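>>> Pasted the sequence and its predicted model underneath.
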Amino acid sequence: MDEVTRGARALVLCPDIRTLRYDLDARERLEEAQGLALAIGVIIAHSEIMPIRQMQPNTLFGSGQVQNIATQCELHECELIIVDGALSPIQQRNLEEKLKRKVIDRTGLILEIFGERAATAEGRLQVELAHLDYQQSRLVRSWTHLERQRGGFGFLGGPGETQIEADRRMIRQRMSRLRRELEQVRKTRTLHRERRGRAPWPVIALVGYTNAGKSTLFNRLTGADVMAEDLLFATLDPTMRAIGMPGVEKAILSDTVGFISDLPTQLVAAFRATLEEVTGADIICHVRDMANPAHAAQKKQVMEVLADLDVVDRETGDSDIPILEIWNKADLLDPDRKAELREAASGQQAVIMSAATGSGMDEFTTKVAEMLTAKAKEITVTLSASDGRRLAWLHAHGDVIADDDAGEGEQGPVRKLTVRLNPKELGQYESLAL
Ligand SMILES: Nc1nc2c(ncn2[C@@H]2O[C@H](COP(=O)(O)OP(=O)(O)OP(=O)(O)O)[C@@H](O)[C@H]2O)c(=O)[nH]1
Ligand SMILES: [Mg+2]
């Protein structure tokens with residue numbers, strides 16, 4: 001977000017539209033909206049739930065409410081109004097005119113956050129693409145940091161129709177260039193992934209709603225210093241590290257972007273590409289903030305995204321990849337609630353822990369090790385002692401339990417090996433060319 005907005009005093013409004021069905025109640029949504037607002041560095045001067053019986057096509061809010069918003073802005077000296085919902089370009093423009101202040105909606109807000117956080121080349125390309133897509137319909141807008149940073153496409157001032165046409169064309173051209181660049185970056189990434197796919201280590205993916213504690217857990221396990229903050233979308237680009245823990249000699253741990261409800265459609269594709277890593281994981285750890293009253297609705301969102309990624313069956317909830325639920329932030333729960341959860345967890349793949357304090361870590365590592373071994377198969381093979389290639393491969397990739405001299409065969413000495421291989425490795429071993 002541009003200089004003017006960072007540090008700006010903002011009025012955060014959460015429309016509660018009677019005709020819509022929400023997963024979270026208004027108070028929870030308002031809280032999330034405040035979190036999003038803080039994530040772009042504004043000061044929340046005042047926030048309010050706005051019940052709406054009937055949406056007004058021109059302003060969303062009724063005229064009395066618009067009056068009221070204007071008064072609140074004066075009272076709290078706000079320069080910016082954040083509406084936690086979707087505004088049509090017309091509604092946004094009309095509200096700005098009536099209120100004489102900058103107005104942004106939920107999509108705009110999330111795009112701003114993503115724009116600030118994206119760190120990798122791919123992340124930046126995706127976000128810019130999403131932003132341009134959003135702007136196409138809002139050509140008179142002039143507040144986004146992207147266009148400012150890039151020297152502008154000439155949206156400033158009240159452009160005439162020809163100017164808007166020219167801008168549209170420019171946006172379209174820029175978008176198709178970005179798509180080409182993205183394609184290139186993705187190809188490279190797929191190559192990297194394929195190369196890693198041949199590496200023998202299992203992949204553990206951390207997923208979860210934004211602010212659940214994924215990066216905190218990641219840091220604890222890797223000793224890394226990934227940005228873990230009380231900020232929504234602290235992590236945008238996937239981060240991977242090799243880790244070792246009791247029972248798992250080596251694994252790759254991947255931290256991912258947090259999920260959120262009502263992700264702007266423009267960002268869904270970007271988001272999905274970032275999450276592709278998850279589809280190749282051996283285990284998914286679903287980190288949940290059990291201290292958040294909205295944790296059940298948040299889980300639902302996460303499962304939806306996993307279903308979108310074809311990891312989870314939307315109807316049955318069955319998953320191709322084993323999922324371990326991390327019931328995080330246990331340190332914030334009172335003992336009764338904890339006991340309740342402990343009971344509930346015993347029947348499922350779930351661990352109660354605190355990534356912040358480290359409590360429950362042992363149980364976590366034991367569970368992960370168990371799940372990885374459950375997937376592994378033990379095979380026994382006899383090989384000619386001169387088959388150096390296979391012998392070396394098994395020692396390098398598998399968990400060799402026994403490697404014994406098995407006497408003389410027709411072609412000389414023979415060895416008998418018992419090896420544990422996870423399914424991926426087993427496939428690789430079987431396809432080793434003779
Ligand atoms: N009390 C408590 N706080 C925690 C725990 N785990 C994480 N946190 C805090 O929760 C906030 C969010 O943690 P992150 O690790 O950044 O969450 P994330 O899931 O990576 O969030 P995104 O990257 O935004 O998706 C931080 O302020 C953490 O310190 C926990 O077990 N207990
Ligand atoms: Mg994170």
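Okay, I see it. Numbers count the residues shown, from 1 in each chain. Ligands and ions are numbered 1, 2, ... in the order given.
>>> which residue packs closest to residue 136, ignoring adjacent ones?
residue 171 (5.7 Å; Cβ to Cβ, 6 or more residues apart in numbering). Every residue, glycine included, has its C-beta placed from N, CA and C.
>>> Now that that neighbour has come up, it's in contact with residue 134, right?
No - using Cβ atoms under 8 Å, residue 171 is not in contact with residue 134, being 10.4 Å away.
>>> Between the two, which is the more surrounded one?
Each of residue 171 and residue 134 has its neighbours counted (other Cβ atoms under 10 Å); residue 134 has more, 22 against 19.
>>> what comes into contact with the helix or strand where residue 324 lies?
Using DSSP states H and E, residue 324 maps to strand 323-328. Here strand 323-328 makes contact (Cβ atoms under 8 Å, 6 or more residues apart in numbering) with 208, 212-213, 217, 283-290, 312, 341, 345, 348-355, 364, 367-368, 371.
>>> tell me which element the residue nearest to residue 136 falls in.
helix 161-197.
>>> Check the stretch 251-400 of the chain for the residue nearest ligand 1 and tell me.
Among the residues of the stretch 251-400 of the chain, residue 258 lies closest to ligand 1, at 2.2 Å counting by Cβ to the nearest ligand atom.
>>> tally of neighbours for that residue?
23.
>>> Residue 382 too?
12.
>>> State the helix or strand in which it lies.
Taking DSSP H and E as the criterion, residue 382 maps to strand 377-384.
>>> List the pairing partners of that strand within its sheet, with orientation.
Using DSSP bridges, the strands paired with strand 377-384 are strand 412-421 (antiparallel).
>>> Please tell me how far residue 244 sits from residue 369.
Here residue 244 is placed at a distance of 11 Å from residue 369 (Cβ to Cβ, to the nearest Å).
>>> For those two, indicate the residue with more neighbours.
Using other Cβ under 10 Å as the criterion, residue 244 and residue 369 rank with residue 369 on top: 16 against 12.
>>> how about the helices of this protein, start to end?
In the chain, the segments counted as helices under DSSP state H are 26-39, 63-76, 89-99, 106-117, 121-136, 145-149, 161-197, 214-222, 265-279, 295-308, 335-346, 361-375, 388-397, 423-430.
>>> Can you check what angle separates the third one from helix 63-76?
Spelled out, it's helix 89-99. Using axes from the mean of the first three to the mean of the last three Cα atoms, to 10 degrees, the direction of helix 89-99 lies 50 degrees away from that of helix 63-76.
>>> same question, the fourth one
Between the direction of helix 106-117 and that of helix 63-76, the angle (the same axes, to 10 degrees) works out to 40 degrees.
>>> One more: the last one?
In this structure, helix 423-430 runs at an angle of 90 degrees to helix 63-76, with the same axes, to 10 degrees as the basis.
>>> any idea how far the residue nearest to residue 78 when sequence neighbours are not counted is from residue 58?
Among residues not flanking residue 78 along the chain, residue 11 sits closest, at 4.2 Å (Cβ to Cβ, 6+ apart). Distance of residue 11 to residue 58, computed by Cβ to Cβ: 20 Å.
>>> higher neighbour count, the two?
residue 11 (26 against 15).
>>> beta partners for the more buried one?
residue 46, residue 81.
>>> was I right about it contacting residue 76?
Yes - between residue 11 and residue 76 a contact is recorded at 6.4 Å, counting by Cβ under 8 Å.
>>> Please spell out the segments of the stretch 51-200 of the chain that come in under the pLDDT threshold.
By pLDDT under 70, the weakly predicted segments of the stretch 51-200 of the chain are 139-162, 192-200.
>>> Could you check which residue of it lies nearest ligand 1?
Nearest to ligand 1 in the stretch 51-200 of the chain, going by Cβ to the nearest ligand atom, is residue 117, at a distance of 8.7 Å.
>>> Without its sequence neighbours, what residue ends up closest to residue 306?
Residue 306's closest residue in space is residue 312 (Cβ to Cβ, 6+ apart), at 4.2 Å.
>>> got the contact list for that neighbour?
303, 306, 318-320, 323.
>>> Just the pLDDT for it.
For residue 312, the pLDDT comes out at 92.
>>> quick one: it from residue 205, how far?
For residue 312, the distance to residue 205 - Cβ to Cβ - is 13 Å.
>>> With residue 31 instead?
Residue 31 is 27 Å from residue 205, by Cβ to Cβ.
>>> So between these two, which is more surrounded?
Just comparing residue 31 and residue 205: by other Cβ under 10 Å the higher neighbour count belongs to residue 205, 26 against 16.
>>> Over to the spatially closest residue to the more buried one that is not a sequence neighbour: give its phi and psi.
Distances taken as Cβ to Cβ, 6+ apart place residue 281 nearest to residue 205, at 3.8 Å, with adjacent residues excluded. Here is the backbone geometry of residue 281 (degrees, to the nearest 10): phi -80, psi 160.
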